[in-house]
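Chemist: Dropping a prediction and its sequence here:
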Amino acid sequence: MHSVRQGSGEPLLLVHGLGSTHHTWDLVLPALAAEREVVAVDLPGFGETPPLSTEVTIAALTDAVEEFVDAEGLADVDIVGSSMGARIVLEMARRGHRGTVVALDPGGFWTDGEVTFFNASIRASTALLRVLGPALPAITRSAAGRTALLAQFSAHPWRLPADLVLTELEGFIASASFDDALTSLVHGPRQAGAPAGTLSCRVVIGWGRQDRVTPPRQAHRAIELFPDATLHWFDSCGHFPTWDQPAQAASLTLDAIGHPA
């Protein structure tokens, strides 16, 4: 699994979401790397990591992250996940991971109606991006273009750096496993929980109050399934706190991993 490392100290593993790469962490990386050795991975079939040779499922992607942790000697590493990556790290916590887990706007806590809308909207957005591909550098240079493309994902897309937006959107287009991972998210099982007293680690769940991908009401379901977790709300924030509130996302992470269970 491809990864980039920055900083020094105790390791901190970062797991990106659907269609993203390790670049999704670019706005929080300096703050995190000032305190820890940050290890940001590209999941199988995303970024520079080849796809899995088996079926792409949340369970299989979680297995791949756990295999990476073992291979790199990162037992009990603290982990942060975003979106689909947040669901992966919650699953690791449920399986018995002992390092602190921070999950930012995870999927898997939706109703049938919500996941149907999620599927339709994400597939439509991706289809549009694939058509616009050659024009994306020009479109993302303007605040109006970023707003048009990312209104579902960000509370204030016009503020986002153009280079980050272009990198992320090109990642959506280039991801070999995007379609298969989306199918698994939509048609696979919902995220299982961890009854009170069964977790071996501290879990912090962060959620943007303006999340239009996984709406805030899903946060309450996540806490019902992970009752030992702590819930943090990000104001003026969409689906990606690392985009809309990078300073707060970094602060939440560093506070969480500085106070293990």
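Modeler: Cool, got the structure.

Chemist: contacting residues for the most centrally placed residue in the chain?
Modeler: When CA atoms, centre = their mean is applied to the chain, the residue found nearest the centroid is residue 82 (1.7 Å). Counting by CB atoms under 8 Å, 6 or more residues apart in numbering, residue 82 makes contact with 14, 15, 16, 17, 20, 24, 25, 104, 105, 240, 241, 242. Every C-beta, even on glycine, is put in place using the N, C-alpha and C of the backbone.

Chemist: Which members of these occur in helices, if any?
Modeler: Using DSSP state H, the subset of those located in helices is 241, 242.

Chemist: Return the member of the contacts of residue 82 nearest to residue 169.
Modeler: Residue 169 has its nearest neighbour among the contacts of residue 82 in residue 20, at 10.0 Å by CB to CB.

Chemist: Around the closest one, how many other residues sit close by?
Modeler: Residue 20: 26 surrounding residues under other CB atoms under 10 Å.

Chemist: Pull up the gap between it and residue 242, please.
Modeler: 10 Å (CB to CB, to the nearest Å).

Chemist: again with residue 248
Modeler: In this view, residue 248 and residue 242 are 10 Å apart by CB to CB.

Chemist: Look at those two and report which has more neighbours.
Modeler: Legend: neighbour count by other CB under 10 Å for residue 248 and residue 242, higher for residue 242 (28 against 18).

Chemist: That one and residue 24 touch, don't they?
Modeler: Yes: counting by CB atoms under 8 Å, residue 242 touches residue 24, with 6.3 Å between them.

Chemist: Now do the same contact list for the residue nearest to residue 171 when sequence neighbours are not counted.
Modeler: Spatial nearest neighbour of residue 171, excluding adjacent residues (CB to CB, 6 or more residues apart in numbering): residue 21 at 4.8 Å. Residues in contact with residue 21 (CB under 8 Å, 6+ apart) are 42, 46, 47, 48, 167, 168, 171.

Chemist: So which elements touch the one helix or strand residue 249 maps to?
Modeler: Using DSSP states H and E, residue 249 maps to helix 246-257. Helices and strands touching helix 246-257, by 3 or more CB pairs under 8 Å, 6 or more residues apart in numbering; DSSP states H and E, are helix 29-33, strand 78-82, strand 101-104, strand 203-208, strand 230-234, helix 241-244.

Chemist: For the fourth one, C-alpha coordinates in PDB please.
Modeler: Taking C-alpha atoms only, strand 203-208 is exported to PDB below (Å, rounded to 0.1, in the frame of the first residue of the first chain):
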ATOM      1  CA  VAL A 203     -13.100   6.600  19.800                       C
ATOM      2  CA  VAL A 204     -13.900  10.100  18.800                       C
ATOM      3  CA  ILE A 205     -16.500  10.700  16.000                       C
ATOM      4  CA  GLY A 206     -16.500  14.200  14.400                       C
ATOM      5  CA  TRP A 207     -19.400  15.400  12.200                       C
ATOM      6  CA  GLY A 208     -19.900  18.600  10.100                       C
END
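
Chemist: partners of it in the sheet?
Modeler: Here strand 203-208 has these sheet partners by DSSP bridges: strand 101-104 (parallel), strand 230-234 (parallel).
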